[in-house]
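> I would like to see how this sequence folds:
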Amino acid sequence: MWRKLVPALGLAACVAMTAAGQGGATPRQWRDYGGGPDSSRFVAAAQITKANVGQLRVAWTYPAGQTDFNPVVVGGVVYGRGEGNSFVAIDAATGRQIWRHEGTDDFNSRGVNYWESRDGKDRRLIFSADNILQELDAQTGEAIASFGTAGRVDLRVGLDRDPATISQQSRLPGRVFENLIILGSATNEEYTSAPGDIRAFDVRTGKKVWTFHTVPRPGEYGYDTWPKDAWKTVGGANNWGEQSIDEKRGIVYITTASPKYNFYGGLRQGANLFGDCLVALDARTGKRLWHFQTVHHDIWDLDNNAAPQLITIRKDGRLIDAVAMASKTGYLYVFDRVTGKAVWPIEERPVPQKTDVPGEALWPTQPIPAAPPPFSRQKFTVGDLNPYILTPEEREQFRQRIVKARNEGPFTPIGFDEVLHMPGNHGGSNWGSTASNPSDGSVYVIGFNVPALIRLLKPGETRPGRRGGPPEVVKEGRYVTNGFGLYPTIANPPYTTLTAYDLNSGTIRWQIGLGDDLRLAGQGITGTGTAATLKGGLIVTATGLVFATAADRKVHVYDSATGRQISELPLGGATSGAPSMYELDGRQYLLVTAAPSGARGAGATAPSAAPSGIIAYALPK
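Below is the predicted model:
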C-alpha cells in the first residue's frame, strides 16, 4: 500500500536532530492528539502572553492538504499530513522536511498516535488506513513490518461479522496508554452498521489485548437494555469521537455515539446501553468502572464525541477530581472522575411519547443536568428566524414549515411529518470542541446552534443516493430520513459560540459568538459566530489566553477571564481541526493547519497574502 519514502534529510541527520531536541531541558511538546492523554489542550508555556500575542508572526510554513489534522510534536519534530495524502516529519524549528511517506489513502485524517519505548530507541507512529491498523518508524518514516501480520492488523476481524461486509475505520486516532493503543471506530450510520466495540492492541505486536462490547453480550452488564441477541445484528454505539485518559489512575474515558440506524429504533427497543454514554474503563483491562447514558434509546443522532475534560474543582469546601463531557444535547455533564457520581443533580425529565411510527417504543424520560446551564439553545420558533441572511421569500417558506412542524423540544419524536429540533443532530458540541485549565475548574466549549427540520420516509419512498450514488427506494420494514435536515443559517445568530464554564460554581463565566459571518461583518454586524459546521478547535494557556480556530479562516485569541478578543490571525485557507502548541529552544510556537482550497463557511475569504498549509507562528526573535 505504501508507495515510497521520500527523504529530504538523511537518516543520521534525523536521528541527530531528534536527539538534540531531547537533550538538555526537555521541550514542552504536543505528544498526542489534543496535546496529551487528558485531552485538555492546555499549555503551560508562558512566553506568549496577553501583552505580546498581537506580535505573533509566521515562523515557517509547510505545504499541506489536510485541514482537520492535528499535528503532534515530539523531540523537535512535527509529524503531520503533507500534500497528496503523504505523511511527513518536519523540523519543528525551521519547517524543513525530514522525511515524507506517500500513499496514505483513507488515513484516519484527524490525528496520529506517537509511542516510544522507555529507552527512547523504539519510536512509532500508529494509525489506521482503509480498515488496517499499522505503524511507521518515527525516525525514518518506514513501515514497521514486525507489527501484526506483515505490518498490518485488519480491524474488521474479530467483530463476529463477515469482515467483507463492514467498515471499521475512524478519522480519530484513539489513545496510547503504556504499551496499548485503545481504538474506537467510525461505523456507518445505516442498518448494516458494524459493531462499535472498543478494543486495545499491543503497540509492539498488534495483538488484541481486550475488548469492551458497546452492545452487550449475554451475561454482560446492559444486555437487558436491548432485544434478545441484539449484538448479532445491531451496530454503532461506537466511539468515533474523542477519548481522554487519567494516566495516574489508569482510567480511559470513552464517548459513545447513537446505536444504528440513527433515526429509527423499532428494531432495537430498550434503553440501548452503551449507546450515547460516557464510559469509564480500566485502561489496562477494558473492565467497565462506571458509565452514564446521556440519551436513552436515541432516535435523534445525539452522539457524544467531544473529549471529556479531566479537571479538579472546589465545591462545598472540598476538592473533586472531576470529568466534564459536552454533548450534542448542548449540555455539559459533570461527574466525580472515580465514582461516576454526578457533581450536580441530573434529573430524569418526561419527554414527548406520541409517535405514529410502527414498532417505535420511545423512552419516557431523558437526563437533564440541573447545572451547569446548557451552552447551546434548546428551542427554536419562527421568532428565531435569521433577520439578516434570509430573503423575504425564504423567511416565509421557513415560517410556514416551522408553523406546521411538530416542535416539542429537543426530544420531539421523529415521524412521517416534519419535526423541529434545536440543537439538531449537528448542533451542540462535536469533536475538537472542548478544552480546559485542569487546575482551576475552567472548561471551554465550542457549541453549534443548528436547527434540524427532519422526517422519516416510509417504505416505497425514494431518498437521494448516498455519497453520489443512485437514488434508493426505502425497503419494507425500514424507515430512514431524507438526510440530516440541517439549515445552519436559518437561525438568528450566534450560529457558533464559545462558552467558558466555571465548574467550581457550575456557572457560565462568559459566552461569545466564535468568529464572524463575513457577509454581515462588512455591514458592521459582528459577534455572529461562523455560519458553518466546520469544527475548529481550542488551546488554553497558563497565561490566560484561549486560541480558537473558526470557519471564517482566522485564529481568534481571547482573554480567558472575560472572553474579550485580544488578537486574530488571518489564514489563507479553511481550517477545521485543532491547533497545536509547543516550546523549543526557549521559543513558543502555535501550529495551525489551513487548506488553501475547499473552503467552507458562509462568506469565508482570506487575504491573498495570508499563510496556508502547516503554519508555525512565534514571537519575533
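
> Give me the pLDDT for the residue nearest to Lys232 when sequence neighbours are not counted.
With C-beta to C-beta, 6 or more residues apart in numbering as the criterion, Lys232 has its nearest non-adjacent residue at 7.4 Å, and that residue is Asp160. Backbone N, C-alpha and C define where each C-beta goes, glycine included. Each residue has a pLDDT score; the one for Asp160 is 90.

> quick one: Asp160 from Ile539, how far?
Asp160 is 41 Å from Ile539, where distance means C-beta to C-beta, to the nearest Å.

> just Arg467 next, same as before
Separation of Arg467 from Ile539 (C-beta to C-beta) stands at 33 Å.

> repeat for Ala342
Computed as C-beta to C-beta, the Ala342 to Ile539 distance reads 29 Å.

> Compare these two and say which one has the larger neighbour count.
Applying other C-beta atoms under 10 Å to Ala342 and Ile539 shows that Ile539 carries more neighbours, namely 27 against 17.

> got the contact list for that one?
35, 41-43, 435, 545-547, 578-581, 590 (C-beta atoms under 8 Å, 6 or more residues apart in numbering).

> Let's see that with 10 Å instead.
Residues counted as contacts of Ile539 (C-beta atoms under 10 Å, 6 or more residues apart in numbering) are 30, 34-35, 40-43, 435, 444, 545-549, 555, 557, 578-581, 590-592.

> give me the element it is part of.
strand 537-541 (DSSP states H and E).

> Tell me the helix or strand right after that strand.
On the C-terminal side of strand 537-541, the closest following helix or strand by DSSP H and E is strand 545-550.

> Give the partner strands of that following strand in its sheet and their orientations.
Strand 545-550 pairs in its sheet with strand 537-541 (antiparallel), strand 554-559 (antiparallel), by DSSP bridges.

> how about those strands, which one is nearest Gln397?
strand 554-559 (32.3 Å; C-beta to C-beta).

> and that closest one, how far out from the chain's middle?
Mean-position distance between strand 554-559 and its chain equals 20 Å (C-alpha atoms, centre = their mean, to the nearest Å).

> same question, stretch 292-304
16 Å.

> Now do that stretch, average pLDDT.
Mean predicted confidence for stretch 292-304 is 98.

> Next: stretch 359-376.
97.

> ranges for the strands of the stretch 201-350 of the chain?
Shown for the stretch 201-350 of the chain, the strands assigned by DSSP state E, counting those that start in this stretch span residues 208-212, 235-236, 243-246, 251-255, 259-260, 277-282, 288-293, 309-315, 318-326, 332-336, 346-350.

> Adding distance to Arg156, write those out as CSV.
Listed next are those as CSV, based on distance: least, C-beta to C-beta, whole Å:
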stretch, distance to Arg156
strand 208-212, 13
strand 235-236, 12
strand 243-246, 21
strand 251-255, 20
strand 259-260, 16
strand 277-282, 22
strand 288-293, 24
strand 309-315, 32
strand 318-326, 29
strand 332-336, 32
strand 346-350, 37
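
> Switch the ones you listed over to CSV; also include mean neighbour count and distance to Glu178.
Listed next are those as CSV, based on neighbours: other C-beta atoms under 10 Å; distance: least, C-beta to C-beta, whole Å:
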stretch, mean neighbour count, distance to Glu178
strand 208-212, 17, 10
strand 235-236, 27, 29
strand 243-246, 24, 10
strand 251-255, 26, 11
strand 259-260, 28, 31
strand 277-282, 23, 12
strand 288-293, 19, 17
strand 309-315, 21, 18
strand 318-326, 20, 20
strand 332-336, 23, 24
strand 346-350, 12, 33
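
> of all the ones you listed, which lies closest to Gly424?
Gly424 lies closest, by C-beta to C-beta, to one member of the strands of the stretch 201-350 of the chain: strand 318-326, at 15.7 Å.
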